[in-house]
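> Following is a predicted model, sequence given first.
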Amino acid sequence: THTHTHTHTHTMPRPGMNADKLCRSAVKAASASAQPDNGGGKSTFSPMEKAVLTSVGDNMAKLHLVPPPRPGHIRHCMTSQGCCMVGKQHEANDEMHGSEHTMSQPYTAFHDTMLPVLDDAMATPGLPSGVLHGDPFLDNMLADPASGELTAIIDWEDIAVGPYVFDVAVCIAGCCFGPDNKIDKNRLKAFLMGYTGTRMLSADERRLLPTFCKLALLCNATWRFRNFQIHHREIDHARESYRELYDRMLDASVADAIETVMGEVASARGVVTAPNSVAMFGGGASSWWVAASLLGCLALGFFIGRRR
């Protein structure tokens with residue numbers, strides 16, 4: 001059973017299509033009629049994709065404008081299994097080293113190198129924090145198939161309190177890569193323009209965004225790695241599913257793309273930025289209705305801290 005947080009003040013739920021399927025259909029249609037782009041290739045970024053990603057950014061920012069709850073009212077991501085177990089990565093590492101199936105795998109050694117990076121980033125003082133969805137991939141969103149506007153965000157199992165930039169990074173990891181598993185600058189720019197139109201990222205958030213994107217990928221890849229390499233090896237067709245996200249972490253172009261697009265977006269929003277030196281990869285609408293919807297769901301008990 002999914003819990004829906006509807007993104008408009010309608011008395012009845014609006015119809016919606018899985019946003020990931022909607023974008024895939026748009027890509028397929030755009031590919032069939034693609035026009036040459038400035039690089040000599042073909043541009044397949046469709047108006048529907050732009051509408052969906054812009055709406056995703058806008059609605060994620062509105063979620064992040066929900067007033068932070070009282071301490072302890074919602075679990076924190078670093079002391080629970082929320083946000084794809086970002087706070088349980090040391091325990092995951094111990095398990096990976098203790099299993100005969102994973103102790104000698106390159107991913108386990110890679111995970112070793114990422115733990116200090118994760119600890120340092122999550123401990124950055126002063127990062128704006130509050131309610132996070134924790135798993136804002138496109139397949140956890142519904143969109144109007146006519147307009148591309150989000151109608152609902154679903155699957156709140158990973159909800160927690162933590163730094164907003166982690167949620168932004170998970171959204172980039174889960175929404176802004178194309179069918180070729182490369183980061184899509186068009187999707188990324190549409191998402192960030194939508195987000196910053198409602199909530200501007202702070203200087204530290206912009207500076208650390210490439211790092212947090214890698215950490216978001218790490219947490220999600222590690223979940224797949226442990227789940228299918230250790231806990232559910234009988235699902236043999238999924239054992240290598242972590243590699244899709246692992247490859248994104250190793251792609252040296254990802255940080256450059258994020259820095260470039262973030263700079264363009266900040267400039268478009270009138271924010272002066274310094275060059276971003278972080279290279280971890282391979283080296284204005286009112287939000288009252290979001291607050292009312294989310295806090296109303298909390299009051300009805302949709303969030304249960306059963307995964308503490």
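Structure's in. What do you need?
> Quick one: the strands in the stretch 151-300 of the chain, in order.
Ranges of strands within the stretch 151-300 of the chain are 160-163, based on DSSP state E, counting those that start in this stretch.
> which sections of it are below the confidence cut-off?
Scanning the stretch 151-300 of the chain for pLDDT under 70 picks out 273-300.
> how about the helices of it, start to end?
Under the criterion DSSP state H, counting those that start in this stretch, the stretch 151-300 of the chain contains helices at 164-175, 185-196, 203-226, 242-250, 253-268, 288-299.
> now those helices as TSV including distance to residue 63 and mean neighbour count?
Every C-beta, even on glycine, is put in place using the N, C-alpha and C of the backbone. As requested, the helices of the stretch 151-300 of the chain are exported to TSV (distance: least, CB to CB, whole Å; neighbours: other CB atoms under 10 Å):
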stretch	distance to residue 63	mean neighbour count
helix 164-175	8	26
helix 185-196	10	23
helix 203-226	15	23
helix 242-250	23	18
helix 253-268	19	19
helix 288-299	6	16
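> now those as a markdown table including distance to residue 46?
Listed next are the helices of the stretch 151-300 of the chain as a markdown table, based on distance: least, CB to CB, whole Å:
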| stretch | distance to residue 46 |
| --- | --- |
| helix 164-175 | 15 |
| helix 185-196 | 9 |
| helix 203-226 | 24 |
| helix 242-250 | 22 |
| helix 253-268 | 18 |
| helix 288-299 | 27 |
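> Let me know which of those helices is the nearest to residue 90.
The closest of the helices of the stretch 151-300 of the chain to residue 90 is helix 203-226. By CB to CB, the value is 11.1 Å.
> what about the closest one, distance to the chain center?
Helix 203-226 has its C-alpha centroid displaced from the chain centroid by 9 Å (CA atoms, centre = their mean, to the nearest Å).
> for stretch 17-34, same thing?
20 Å.
> And residue 272, how close does it get to residue 263?
In this view, residue 272 and residue 263 are 10 Å apart by CB to CB, to the nearest Å.
> Mutual contacts of these two, please.
Shared contacts of residue 272 and residue 263 (CB atoms under 8 Å, 6 or more residues apart in numbering): none.
> Residue 215 against residue 168, yeah?
No - using CB atoms under 8 Å, residue 215 is not in contact with residue 168, being 11.7 Å away.
> what are the phi and psi angles of the residue of the chain positioned farthest from its centre?
Distance from the C-alpha centroid of the chain, by CA atoms, centre = their mean, peaks at residue 100 (31.2 Å). Torsion angles at residue 100 (phi, psi; degrees, to the nearest 10) stand at phi -60, psi -20.
> Which pLDDT value goes with it?
pLDDT recorded at residue 100 is 98.
> Same check on residue 33?
Residue 33 is assigned a pLDDT of 74 by the prediction.
> Check the burial of it by counting its neighbours.
Neighbour count for residue 33, taken as other CB atoms under 10 Å: 9.
> I'd like the distance from the closest residue to residue 200 other than its chain neighbours to residue 90, if you could.
Distance criterion CB to CB, 6 or more residues apart in numbering; nearest residue to residue 200, sequence neighbours excluded, is residue 269 at 6.2 Å. Using CB to CB, residue 269 is found at 37 Å from residue 90.
> And residue 233, by the same measure?
Distance of residue 233 to residue 90, computed by CB to CB: 23 Å.
> Which residues are in contact with residue 103?
96, 97.
> Now for it, which secondary structure element holds it?
Applying DSSP states H and E as the criterion places residue 103 outside every helix and strand.
> Could you report the pLDDT at it?
The model reports residue 103 with a pLDDT of 98.
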